[in-house]
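Participant: Return atomic coordinates for the entry below.
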Amino acid sequence: MIFLLIRYTGAKLNEILSLDLVADVDFGKQMVRLRKGGDSDNIPPREVHIPELVSAEVRRIRQELQSKNLPEKGFGIDPSHVRRKFYERAEAIGIARELGTPEIIRRSRAVELMQSNVPLPVVQKILGHSTPNLAASYLEFSEDEIREAARYFAEKENQRKTSARNSFFGKIDTVRIGDVQTVVEMVSLGGSRVCSVITNYSHDRLGLKPGTLATAEIKAPWVVLYKSEAEPRCSAENRFRGKVRRITRGKLMTEIVVRIPDGTELCSMITEKSKQALDIKEEDTVWVAFTAFSVVIHTD
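Facilitator: Sure, this is the predicted structure:
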């Protein structure tokens, strides 16, 4: 249980060992409350959502502790003993013992979240770091809104949707209503500005207005690549500069993943012929572009 909680909350070892398994674990909300200091400190606990399967496993272990009349308020285990056990398990599965420390597992969780397109402010909120300056985002994000973003990404991880790539989570900045269609501009938590064009009916149905939290999603075939240092001259409203992180080749189509400066990874599907014509390789600097008409807005 100690490993699972560090693995999926990114908490420090002492935070996990001091957990009250009755008061600090909410199985209904699938959430763990973590305290940086002791009970006497005035630091409010942070709430971290965990996947449903992890919540179920923690509940099972807690019930086992109850059946054996073992303490549920704190594990009552020496941290050095836990570290020794982690070292043993690392060596048993064939990796260096220093890669099995609680600190490395905590750091690995941060890397995993970033690679899953979780914005940096949300990752830092989950790990208990101070929130970075979001002035570059044009909008202010409150603690409640960042907490809501953390919940959203926990649920997305829980569902494990393969189509969830190419998504931006943020806040609606401007809404311009026309005769038939509405232009919506959103600023993501990472500071990226995304433009979408939707019907007026969709605008009314979603109830979009400045300040609304929303998700913008773009399908991979709609993402166009330009191999260039300079910004391309094209009609696509959304253009982002980034580096090629991964190329997956198929018989007919090639998947290219580009990471933009805020850490978001965008996937593009192009034909193998186009890939050869562009001569794109990993670590190349490219531009990704997509039109406002290809951006789908979600508010749930």
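
Participant: how about low-confidence regions in the protein?
Facilitator: In the prediction, the chain carries residues with pLDDT under 70 at positions 36-43, 70-74, 117, 130-143, 145-147, 149-165, 300.

Participant: what about Arg33, how many residues close to it?
Facilitator: 16 (other C-beta atoms under 10 Å). (Glycine included, C-beta is placed from N, CA and C.)

Participant: In the strand or helix carrying it, which residues are buried?
Facilitator: If you go by DSSP states H and E, Arg33 is part of strand 31-34. For strand 31-34, burial by neighbour count (16 or more other C-beta atoms under 10 Å) applies to 31-34.

Participant: Next, Leu266: secondary structure please.
Facilitator: strand (DSSP: H, G, I helix; E, B strand; the rest coil).

Participant: For beta bridges, what are the partners of the nearest residue to Gly128 once chain neighbours are set aside?
Facilitator: In space, and not counting its chain neighbours, Gly128 is closest to Arg46: 5.6 Å by C-beta to C-beta, 6 or more residues apart in numbering. For Arg46, the beta-bridge partners are Leu34 (DSSP bridges).

Participant: neighbours of Arg46, just the number please.
Facilitator: With other C-beta under 10 Å as criterion, Arg46 counts 20.

Participant: now swap in Arg109 and tell me
Facilitator: 19.

Participant: cool, Ala92 as well?
Facilitator: 10.

Participant: For Phe168, see how far away it is.
Facilitator: 41 Å (C-beta to C-beta, to the nearest Å).

Participant: Equivalent analysis for Ile198, please.
Facilitator: 15 Å.

Participant: So for these two, which sits in the more crowded spot?
Facilitator: Using other C-beta under 10 Å as the criterion, Ile198 and Phe168 rank with Phe168 on top: 24 against 20.

Participant: Quick check: phi and psi on that one?
Facilitator: phi -120, psi 130 (degrees, to the nearest 10).

Participant: who's the closest residue to it other than its chain neighbours bridged to?
Facilitator: Sequence neighbours aside, Ser188 is the residue nearest to Phe168 in space, at 4.1 Å (criterion: C-beta to C-beta, 6+ apart). Taking DSSP bridges, one finds Gly170 as the beta-bridge partners of Ser188.

Participant: Just the C-alphas of stretch 12-30, formatted as PDB.
Facilitator: Only the C-alpha atoms of stretch 12-30 are listed here, as PDB (Å, rounded to 0.1, in the frame of the first residue of the first chain):
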ATOM      1  CA  LYS A  12       6.800  12.000   0.000                       C
ATOM      2  CA  LEU A  13       7.500   8.900   2.100                       C
ATOM      3  CA  ASN A  14       6.900  10.800   5.400                       C
ATOM      4  CA  GLU A  15       3.500  12.100   4.100                       C
ATOM      5  CA  ILE A  16       2.400   8.500   3.400                       C
ATOM      6  CA  LEU A  17       3.700   7.100   6.700                       C
ATOM      7  CA  SER A  18       1.800   9.700   8.600                       C
ATOM      8  CA  LEU A  19      -1.600   9.100   6.900                       C
ATOM      9  CA  ASP A  20      -4.700   8.400   8.900                       C
ATOM     10  CA  LEU A  21      -6.300   5.700   6.800                       C
ATOM     11  CA  VAL A  22      -9.700   6.500   8.200                       C
ATOM     12  CA  ALA A  23      -9.700  10.300   8.100                       C
ATOM     13  CA  ASP A  24      -7.300  10.900   5.200                       C
ATOM     14  CA  VAL A  25      -8.600   8.500   2.600                       C
ATOM     15  CA  ASP A  26     -12.000   9.200   1.000                       C
ATOM     16  CA  PHE A  27     -12.900   6.100  -1.000                       C
ATOM     17  CA  GLY A  28     -16.200   7.600  -2.200                       C
ATOM     18  CA  LYS A  29     -14.300  10.500  -3.900                       C
ATOM     19  CA  GLN A  30     -11.200   8.300  -4.600                       C
END
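
Participant: Give me the contacts around that stretch.
Facilitator: Applying C-beta atoms under 8 Å, 6 or more residues apart in numbering, the contact partners of stretch 12-30 are 2, 5-6, 9, 31-36, 38, 45, 49-52, 55, 58-59, 62, 65, 72-75, 77, 79, 82-83, 102-103, 106, 128, 154, 158.

Participant: re earlier: for the strand holding Arg33, name the packing helices and strands.
Facilitator: helix 2-9, strand 25-26, strand 46-49 (3 or more C-beta pairs under 8 Å, 6 or more residues apart in numbering; DSSP states H and E).

Participant: tell me how far that strand is from the chain's mean position?
Facilitator: 18 Å (C-alpha atoms, centre = their mean, to the nearest Å).

Participant: any residues touching it, and which ones?
Facilitator: 5, 9, 11, 15, 19, 23-26, 45-50, 128.
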